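3D, please:
(chains A and B)
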Amino acid sequence: MSGTLRFLLASWKVNLASALEYRLSFFLLAGMMFVNNTIWLFFWYLFFARFPVVSGWEIGDVMLLWAVSAGGFGWASVLFGNFPRIATIVSSGQLDVYLSQPKPVLLNMLTSRMSVTGAGDFAFGLIVFLWAGDLTPRGCLLFACALLLAGVLFIGVMAIAGSLAFWIGNAEGIASQVFGGFISLTIYPTGIFRGAAKVILFTVVPAGFIGYMPIGLMREFDPGFAAAAFCAAAIFSACGALLFRVGLARYASGNAMTMRN
Amino acid sequence: MSRTARILLGAGRKQLAVVRIALRQQWAYKADFLLRSCFLLLILYVLGQLYGAAYEGDYERAIGGFTLRQIVWYLVFTEAITMAGPPVGIRIEEEVKSGDIAVRLTRPLSYVGYHYGSYLGEGALRFFVLLLAGGIVAWLSVGLPTLDYGLLAYLPLAMLGLTLSFLMTAAVGLCAFWVEETRGLEFVVQKLQFTAGGLLIPINLMPEWLQRVCAWLPFQAALYLPARLGVRFDGEEMLRACSLQFAWIAALSLLVAFIFRRGVGKLHVNGG
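Just a heads-up that it's a prediction; the model follows:
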């Protein structure tokens, strides 16, 4: 266990050093993502200026939604930057390099890349929380829990979608659609969805858990929702890891010469 | 037939041939753009839900001159134009950086004209597929739009909108002659289109001060005007929108031609 932890820390340190090697590029890319998210918030400002309350949601709630969604996605992308690329790595035979190393394959693959734009997302999440969030110790703790759960859900869902590549080969298209679709569903208030769509968002595609966190976890702490979100994060990440492990037995590749990236 | 007319006819034929080739090439990647349309369906569904909640499901209420049905169709129209455009800026940037532009320049065909033909060929096919897919979602969720001249007006205005999008992206891509990395600039243009173009929220619904700012920018002529006239037709406004689009096309064409001439003048390609 402590060996794995040391390995993770070493990986993150190397990734950070590598990203900071091109400092200007690092800050430009992270800054671009920050600007991108700010423009989205500007859209929400325009929207709520015209419709002040939508299904009980106000601009402050949507700001917190963005803080959780971008922040959760951000830390997951910084620490486990390959999670949206599992399908690409598997289908292009780049997994060989991780198989040859005496470390847990999935963990090794996930941590071998740091997303620079993810750093911008994470910074954005923190700043928006500082601006619109509850800055009491309780509020900060709940925000940290929301970030943790959101990040784990992002990784779990993409691990499941990416592992499909072991069975259907070129799953890049499906995985990228799942990725884009999942992110899109986490940046809108869950209150706007009704009926079957709402059920789907809290079961098959667990984006609803991320979207509802500003209300169910941070505004009015609902123990039932908190427990459900925790279970969803645990189930989706466990399923992702299990599916990857089962799929790995089916993995075959050519003699592609690859390097860790 | 005069010599000028023959030259123009020849250039037109070449242009059409490029459009035809781009169309056929795009047809070969059917799966890719069908996947793109799946994403559009999801976005439209989510936005439909968002505006449905904002209007509280009331189909009669008009806000800023738009009913719920009109808003949903407006979004179909803006998204179809936005998602149809191929990434021409990136292509130009790569050609300049790799030196491939030298091969294109030796051909008896305008460089920008080639990219425009290719953009229109690819973009038109994607546009119609996206419009069809988005239209089905809108039809199922809010019903058909008002059947008047709006739909007829939308198609030519959307094509002019695509032309405007091409010119804006090409102008940014051609900056690669000086700065090599143009993605940042393209990102800014995209985001301006997102807000000042009225992609997700009609400009009429924005605050007064922002409406005044948007009126001075070309983005609304590319997205907002075609989509608004598509859902709410008005003959006089149609003429005004067309004039504005042509004026921006003329201004941006001059800008693109200027950037291209200056850029090509300082081009050095080593090896080959």
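
which SSE is immediately downstream of the helix or strand bottoming out on mean pLDDT in chain B?
Across the helices and strands of chain B, mean pLDDT, DSSP states H and E gives its lowest value to helix B:3-27, namely a mean of 78. Moving toward the C-terminus from helix B:3-27, the next helix or strand (DSSP states H and E) is helix B:30-54.

tell me the mean pLDDT for the following helix or strand past that following helix?
Once the chain leaves helix B:30-54, the next helix or strand it forms, by DSSP H and E, is helix B:68-84. Taken as a whole, helix B:68-84 has an average pLDDT of 93.

ok, stretch B:45-52 next?
91.

again with stretch A:179-193
89.

can it be found next to chain B?
Yes. Shown here: stretch A:179-193 in contact with chain B (C-beta under 8 Å from any C-beta of the partner chain) through A:180-181, A:184-185, A:188-189, A:191-193. Heads up, the C-betas are built off the backbone N, CA and C, glycines and all.

need those in TSV (columns: neighbour count).
Formatted as TSV, those follow (neighbours: other C-beta atoms under 10 Å in any protein chain shown):
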residue	neighbour count
A:Gly180	16
A:Gly181	20
A:Ser184	16
A:Leu185	23
A:Tyr188	23
A:Pro189	22
A:Gly191	18
A:Ile192	21
A:Phe193	25
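
restricted to helices, list those residues.
A:180-181, A:184-185 (DSSP state H).

those: which two are farthest apart?
Using C-beta to C-beta, the pair of those lying farthest apart is A:Gly180 and A:Leu185, separated by 9.8 Å.

need the pLDDT of A:Met109.
On the pLDDT scale, A:Met109 gets 94.

ignore the last one, B:Gly272
At B:Gly272, pLDDT is 51.

what does A:Met257 give?
63.

same question, B:Phe33
Confidence for B:Phe33, expressed as pLDDT, is 68.

can you give me the angle the least confident helix or strand of chain B makes with helix B:30-54?
Here helix B:3-27 runs at an angle of 80 degrees relative to helix B:30-54 (axes from the mean of the first three to the mean of the last three C-alpha atoms, to 10 degrees).

over to the residue most central in space within chain B. Which of the three states is it?
Centroid check for chain B by C-alpha atoms, centre = their mean gives B:Leu162 as the closest residue, at 2.9 Å. Secondary structure state of B:Leu162, per DSSP: H, G, I helix; E, B strand; the rest coil, is helix.

quick one: A:Ala196 from chain B, how far?
Noted for A:Ala196: a distance of 12 Å to chain B, by C-beta to the nearest C-beta, to the nearest Å.

which secondary structure element contains that residue?
helix A:195-201.

show me what secondary structure element comes after that helix.
helix A:207-213.

send the alpha carbons of that following helix over as CSV?
Presented in CSV, the C-alpha positions along helix A:207-213 are these (Å, rounded to 0.1, in the frame of the first residue of the first chain):
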residue,chain,number,x,y,z
ALA,A,207,-24.3,13.0,-13.9
GLY,A,208,-27.3,13.9,-11.8
PHE,A,209,-25.3,13.3,-8.6
ILE,A,210,-22.8,15.9,-9.7
GLY,A,211,-25.4,18.3,-10.8
TYR,A,212,-27.5,18.1,-7.6
MET,A,213,-24.5,18.5,-5.2
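
list the contacts for the residue of the stretch 101-250 of chain A found nearest chain B?
Per C-beta to the nearest C-beta, the residue of the stretch 101-250 of chain A with the smallest distance to chain B is A:Ile192, at 4.1 Å. With contact set as C-beta atoms under 8 Å, 6 or more residues apart in numbering or on different chains, A:Ile192 has these partners: A:54-55, A:57, B:46, B:49-50, B:52-53.

and what of A:Gly240?
A:155-160, A:163.

buried subset of these, written for ChimeraX?
Selection of buried members from these for ChimeraX, criterion 16 or more other C-beta atoms under 10 Å in any protein chain shown:
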select /A:155,156,157,158,159,160,163
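
near chain B too, which of the contacts of A:Gly240?
Near chain B, judged by C-beta under 8 Å from any C-beta, there are no entries from those.

could you dump the contacts of A:Gly240 to JSON lines with pLDDT and secondary structure?
Output for the contacts of A:Gly240, formatted as JSON lines (pLDDT from 0 to 100; DSSP: H, G, I helix; E, B strand; the rest coil):
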{"residue": "A:Ile155", "pLDDT": "96", "secondary structure": "helix"}
{"residue": "A:Gly156", "pLDDT": "95", "secondary structure": "helix"}
{"residue": "A:Val157", "pLDDT": "95", "secondary structure": "helix"}
{"residue": "A:Met158", "pLDDT": "94", "secondary structure": "helix"}
{"residue": "A:Ala159", "pLDDT": "95", "secondary structure": "helix"}
{"residue": "A:Ile160", "pLDDT": "94", "secondary structure": "helix"}
{"residue": "A:Ser163", "pLDDT": "92", "secondary structure": "helix"}
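
quick check: the farthest pair among the contacts of A:Gly240?
Of all pairs in the contacts of A:Gly240, the most separated under C-beta to C-beta is A:Ile155 and A:Ser163 at 12.1 Å.

mind checking the pLDDT average for stretch B:153-169?
Mean predicted confidence for stretch B:153-169 is 94.

A:Tyr22: how many residues sit nearby?
Applying other C-beta atoms under 10 Å in any protein chain shown, we find 12 residues neighbouring A:Tyr22.

swap in A:Trp12?
For A:Trp12, using other C-beta under 10 Å, the count is 16.

thought it was touching A:Met114?
Yes. With contact defined as C-beta atoms under 8 Å, A:Trp12 reaches A:Met114; the gap is 7.4 Å.

so which bits of the stretch 101-250 of chain B are right by chain A?
B:184, B:187, B:191, B:194-195, B:200-201, B:205-207, B:210.

mind putting these into CSV with pLDDT?
Conversion of these to CSV gives the following (pLDDT from 0 to 100):
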residue, pLDDT
B:Gly184, 75
B:Phe187, 81
B:Lys191, 84
B:Phe194, 84
B:Thr195, 87
B:Leu200, 90
B:Ile201, 92
B:Leu205, 91
B:Met206, 92
B:Pro207, 91
B:Leu210, 93
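
out of those residues, which are buried?
Buried, going by 16+ other C-beta under 10 Å: B:187, B:191, B:194-195, B:200-201, B:205-206, out of these.

secondary structure added to these, as CSV?
Shown next, in CSV, are those (three-state DSSP):
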residue, secondary structure
B:Phe187, helix
B:Lys191, helix
B:Phe194, helix
B:Thr195, helix
B:Leu200, coil
B:Ile201, coil
B:Leu205, helix
B:Met206, coil
